[in-house]
Each structure stands twice: as structure tokens, then as C-alpha cells.
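Visitor: sequence and computational prediction follow.
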Amino acid sequence: SIGGISIRAVATMDAMNFLSPGFKFDLLGCFDEPLMCILACCCPCFLVATTRAKVEGREFGLMECCCGVSPYSVRQTIRHRNGLVHSPFNDCVALCLCPQCTMVQQAREIGLNPVPEDMSRF
């Protein structure tokens, strides 16, 4: 035990972060953003589509949710645009092990705010 955290838990966190080299946010830090966690679990297509639209610098279109967007390709685009290490194998494994955490990490990486600005005052 290290400071009340088991060594196994520390090793697991390090292993998961190994899967996302270069990202500012931890892969398992998804619970820091509860709304994004809910979106990733209940409506992952919306979170991935809005992330993709923001990465590409354009408006989100509802049809993107219906037609499907690959979280893997969005992740590769984020890596390319932010000059992060190219890591296709790690990205694939991260998406297979915890797709929701990976989607939240991607959204946080690009500064996506899932709450529209005019609603944030409520």
C-alpha cells in the first residue's frame, strides 16, 4: 500500500496511462468529468461525433451520430494535429479495454465542453 492506494491499483493506473502517451489527461481520469462519463456510457456516438467536429474545426451535424464515427480515427487525428507520438497499437488496445474512458480522454484533450455555453448559466 502506498498512501492508502494499493500497489496493484497504482500499477493498473500506470499501465492504462501507458496506453495513451502524450495525452494531457489520464485515461482513467474520466470520472473527473461526470457529464462526459454519462455521455460516453449512454450516447457514445454523440460524444465521439462532437469531438470529431471540434477537432476538424467545424459545426457538429446530427447525422454524424447516425452514420457513425470511429473513435480510433478521431484519436489518430488528435495525435496528428497535436504533434503527439504516433501509437496505433496502444490506441487500439485502449479503445478495446475501456472505450468510454478513451472517448472522455479525447474530448478533454481538445477542450470539448458538452454543455452549450448558453446553458452553463443555469
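Guide: Okay, I see it. Numbering: from 1, shown residues only.
Visitor: next structured bit after the lowest-mean-pLDDT helix or strand in the chain?
Guide: None of the helices or strands of the chain scores lower by mean pLDDT, DSSP states H and E than helix 7-18, at a mean of 55. Along the chain past helix 7-18, the next helix or strand (assigned with DSSP states H and E) turns out to be helix 34-42.
Visitor: neighbouring contacts of that next one?
Guide: The contact list for helix 34-42 (CB atoms under 8 Å, 6 or more residues apart in numbering) reads 30-31, 46-47, 99-101, 103-104, 107-108, 112, 114-115. Backbone N, C-alpha and C define where each C-beta goes, glycine included.
Visitor: any of those residues buried? List them.
Guide: Buried members of the contacts of helix 34-42, counted by 16 or more other CB atoms under 10 Å: 30, 46, 47, 99, 100, 101, 103, 104, 107, 108, 112, 114.
Visitor: tell me the SS of the third one?
Guide: On the three-state scheme (DSSP: H, G, I helix; E, B strand; the rest coil), residue 47 is labelled helix.
Visitor: pretty sure it is touching residue 101, no?
Guide: No. Counting by CB atoms under 8 Å, residue 47 stays clear of residue 101, with 11.7 Å between them.
Visitor: what's the closest of the contacts of helix 34-42 to residue 82?
Guide: residue 108 (12.6 Å; CB to CB).
Visitor: the closest one should be in a helix, yeah?
Guide: Yes. Under three-state DSSP, residue 108 falls within a helix.
Visitor: residues contacting it?
Guide: Residues in contact with residue 108 (CB under 8 Å, 6+ apart) are 24, 25, 29, 32, 33, 36.
Visitor: re earlier: let me have the buried ones among the contacts of helix 34-42 in CSV, extended by distance to residue 19 and pLDDT.
Guide: Listed next are those as CSV, based on distance: CB to CB, whole Å; pLDDT from 0 to 100:
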residue, distance to residue 19, pLDDT
30, 13, 82
46, 24, 89
47, 19, 90
99, 12, 93
100, 14, 94
101, 10, 92
103, 14, 93
104, 14, 94
107, 17, 94
108, 15, 93
112, 20, 88
114, 23, 66
